[in-house]
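Student: one predicted model, sequence on top.
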Amino acid sequence: MTKLEFKNNVFVLSEKLFPMVSRILGSHEKAEDAIQEIMIKIWQKRTKLKNHPNISGFVFLTARNYCLDVLRKNKVEPYGGASPLRIIKSKDENNLEWQELNKIILDILKTLPVQQKEVFLMRDIDGYDFTEIASALNIKQTHARVLISRARKQIGSALIKTYDYEKGAY
């Protein structure tokens with residue numbers, strides 16, 4: 001793989017990787033460093049990559065695995081700690097209702113199985129399509145669709161229970 005092929009086929013994906021890497025590692029600065037390291041690793045494997053049937057899938061899988069390795073090395077639980085993640089974006093970020101809703105949704109996300117949580121975050125927060133999600137998680141697209149559907153159902157029913165309870169319906 002030449003420099004130009006690498007630039008056109010692999011390096012262009014670095015911007016698409018940023019939301020996922022940033023979310024997993026927890027900061028933009030760590031994500032920028034990680035993406036540089038990921039690109040270096042992939043560049044070193046460029047001879048094997050030339051004949052790979054799904055280059056973007058390989059890049060996403062490599063990025064995800066790299067992030068998880070960094071977290072394990074630092075003894076941080078993936079998707080676990082305090083996250084700067086905002087599920088719902090509002091014009092008025094200081095609005096207490098929006099902050100409370102985000103907190104409730106983040107609490108619900110903690111109860112989801114890991115794969116459902118990952119697919120939900122990659123699809124609805126990061127904006128990846130199902131082919132990219134399937135490649136990154138090394139699953140089939142149909143399975144990714146099932147996981148997102150189940151995650152959305154669980155989040156929806158948990159929100160209904162929460163708000164019905166607050167209204168005194170239970």
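Tutor: That came through fine. Residues are numbered from 1 along each chain as shown.
Student: domains in the protein, as residue ranges please.
Tutor: According to automatic domain parsing, the chain comprises the domains 1-81, 90-170.
Student: now the last one: average pLDDT?
Tutor: Averaging pLDDT along domain 90-170 gives 84.
Student: what do you get for stretch 8-15?
Tutor: Mean predicted lDDT for stretch 8-15 stands at 88.
Student: can I get the domains of the chain in TSV including mean neighbour count?
Tutor: For glycine as for every other residue, the C-beta is placed from the backbone atoms N, C-alpha and C. Converted to TSV, the domains of the chain look like this (neighbours: other CB atoms under 10 Å):
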stretch	mean neighbour count
domain 1-81	16
domain 90-170	15
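Student: can you give me the helices for the protein?
Tutor: For the chain, helices defined by DSSP state H occupy the ranges 3-9, 14-25, 28-44, 46-49, 55-73, 96-111, 114-120, 130-137, 141-167.
Student: just checking, Met1 touches Lys48?
Tutor: No: contact status for Met1 versus Lys48: not in contact, 9.2 Å apart, counting by CB atoms under 8 Å.
Student: how close does Gln36 get to Glu29?
Tutor: Distance, Gln36 to Glu29, using CB to CB, to the nearest Å: 11 Å.
Student: also Arg123?
Tutor: In terms of CB to CB, Arg123 sits 25 Å off from Glu29.
Student: same question for Phe130.
Tutor: Going from Phe130 to Glu29 by CB to CB gives 30 Å.
Student: Trp98 too?
Tutor: 26 Å.
Student: now Lys48: how far from Ala63?
Tutor: Where Ala63 is concerned, Lys48 sits at a distance of 17 Å (CB to CB).
Student: got it, and Gln115?
Tutor: Distance check for Gln115 against Ala63: by CB to CB, it reads 17 Å.
Student: same thing with Ile42?
Tutor: The gap separating Ile42 from Ala63 is 9 Å, by CB to CB.
Student: kindly report the same for Ser149.
Tutor: Ser149 sits 25 Å away from Ala63, going by CB to CB.
Student: over to Ser56?
Tutor: 11 Å.
Student: again, but for Asn8
Tutor: Taking CB to CB as the measure, Asn8 falls 18 Å from Ala63.
Student: could you do Ile108 as well?
Tutor: Between Ile108 and Ala63 the distance is 26 Å, computed by CB to CB.
Student: same check, this time on Leu159
Tutor: Distance from Leu159 to Ala63, counting by CB to CB: 31 Å.
Student: same question, Met20
Tutor: 7 Å.
Student: and Glu29, by the same measure?
Tutor: Distance of Glu29 to Ala63, given as CB to CB: 16 Å.
Student: try Asn74
Tutor: Distance, Asn74 to Ala63, using CB to CB: 17 Å.
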